[in-house]
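Novice: My questions concern the predicted model and sequence given below.
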Amino acid sequence: MTFWPFWLGAIALASVALGCLVLLRRPMGVSGNLAQALDPGARAAELEERTLTQEELRFALEQATRDAFADAEIREAMNAARPAKSQPALGAPLGWSVNVLFLIGIVLGAAVSGIFLGGASATIDVGPTYRALLGDGPRAWVMLFAGGTLVGFGTRMAAGCTSGHGLVGCGRFRPGSLVATACFFGVGIVLSFALVWVRR
Amino acid sequence: MAEASGERVPCPHMTSCELFPAFSQNGFLRVWQINYCEADFARCARYQRSLRGEHVPLTLLPNGKELPKGIALQDRK
């Protein structure tokens, strides 16, 4: 199997991550996209929010503010000083359809990349390395499924995966992302060595 | 704790909250920021739902109430 040069892949990933931050003002995160795409509440909310214009939203918020607070409290707040901005506010969360499109794009991009490299073909072959570790029978597929489940559970528990924490979070020097990424790769490296050692 | 010393701890979800920019752009809505975003954010319904990993709808207010649906400009007083 041939691959694109590592630096080309890095440029492509960095471009997507930066593009999301600059154009959409949202951090990229594949596990977050997947969670939103699978959330029926997100789909319903998008359909509802499409009918709400900015002016209608502002009017509704003002009405709700009068209902929730006394006039004196509102006046006092309007005169209160604003805190200094520490970082620019992010844009609105991506809608359900945008999350779905992003995920479809990942699959299509991989397919197009494979076609250009001339090695694209549908297969259920797990590959020689995995076959050497666990074979290619039912046990291997069960392990794959279990591993995938752990990945899904872990990314939701960590509120992000290697794209959100590793690419974007670390690039923004977020402490949580630095810790999460260290754990991702640290445990992965240890487990890889352990599996090779067991195989011997 | 920061609250005990009098220091206000802002909500860590401010930069990703969909309503925060709306509150920032309109002085009339600043009262929400003072009471929730810049102070007692733990009781914000949006923050609580976000912590549970649930989708936070645009129409959910920090006090847990929902903005009325189908607001029409002709209903404005």
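Specialist: Good, I have the coordinates.
Novice: centroid residue for the chain?
Specialist: Unless you meant another one, I'm taking chain A. Averaging the C-alpha coordinates of chain A gives a centre point, and the residue nearest to it by CA atoms, centre = their mean is residue A:29 (1.9 Å).
Novice: oops, chain B please
Specialist: For chain B, by CA atoms, centre = their mean, the most central residue is residue B:62; offset 4.2 Å.
Novice: need the strands for chain B, in chain order.
Specialist: Ranges of strands within chain B: none, based on DSSP state E.
Novice: tally of neighbours for residue A:28?
Specialist: 19 (other CB atoms under 10 Å in any protein chain shown). C-betas here are computed from N, CA, C, even on glycine.
Novice: Any part of the helix-or-strand element of chain B with minimal mean pLDDT near chain A?
Specialist: The helix or strand of chain B with the poorest confidence is helix B:20-25; it has a mean of 81 (mean pLDDT, DSSP states H and E). Yes - for helix B:20-25 and chain A, the contact criterion (CB under 8 Å from any CB of the partner chain) is met by B:20, B:21, B:22, B:23, B:24.
Novice: and the residue nearest to the centre of chain B, what does it touch?
Specialist: For residue B:62, the contacting residues are B:19, B:32, B:35, B:36, B:37, B:43, B:44, B:45, B:46, B:47, taking CB atoms under 8 Å, 6 or more residues apart in numbering or on different chains as the criterion.
Novice: what about the residue of chain A found nearest chain B, which SS state?
Specialist: Per CB to the nearest CB, the residue of chain A with the smallest distance to chain B is residue A:77, at 3.7 Å. Assigned state for residue A:77: helix (three-state reduction, DSSP: H, G, I helix; E, B strand; the rest coil).
Novice: Residue A:62 and residue B:31 touch, don't they?
Specialist: No - between residue A:62 and residue B:31 there is no contact under CB atoms under 8 Å: 10.9 Å.
Novice: more crowded one of the two?
Specialist: It is residue B:31, of residue A:62 and residue B:31, that has more neighbours when counted by other CB under 10 Å, with 21 against 15.
Novice: Let me see the contact set for that one.
Specialist: For residue B:31, the contacting residues are A:65, A:69, A:73, A:74, A:76, A:77, A:78, by CB under 8 Å, 6+ apart.
Novice: Pull out the buried members of these.
Specialist: Of all the contacts of residue B:31 considered here, the ones buried according to neighbour count by 16 or more other CB atoms under 10 Å in any protein chain shown are A:65, A:69, A:74, A:77.
Novice: now the helices: where do they sit in chain B?
Specialist: In chain B, helices defined by DSSP state H lie at B:20-25, B:30-32, B:45-51, listed in chain order.
Novice: which one of those helices is the most hemmed in?
Specialist: Neighbour counts (mean count of other CB atoms under 10 Å in any protein chain shown) averaged over each of these peak at helix B:30-32, with a mean of 23.
Novice: Please list the outside residues in contact with stretch A:138-152.
Specialist: By CB under 8 Å, 6+ apart, the surrounding residues in contact with stretch A:138-152 are A:31, A:126, A:130, A:131, A:134, A:161.
Novice: Quick check: the farthest pair among the contacts of residue B:62?
Specialist: Taking every pair in those and measuring CB to CB, the maximum separation is 15.2 Å, between B:19 and B:43.
Novice: Who has more neighbours out of these two?
Specialist: When neighbours are counted by other CB under 10 Å, residue B:19 comes out ahead of the other of residue B:19 and residue B:43, with 24 against 13.
Novice: Any buried residues in stretch A:158-177, and which?
Specialist: Judged by neighbour count using 16+ other CB under 10 Å, the buried positions of stretch A:158-177 are A:158-170, A:174, A:177.
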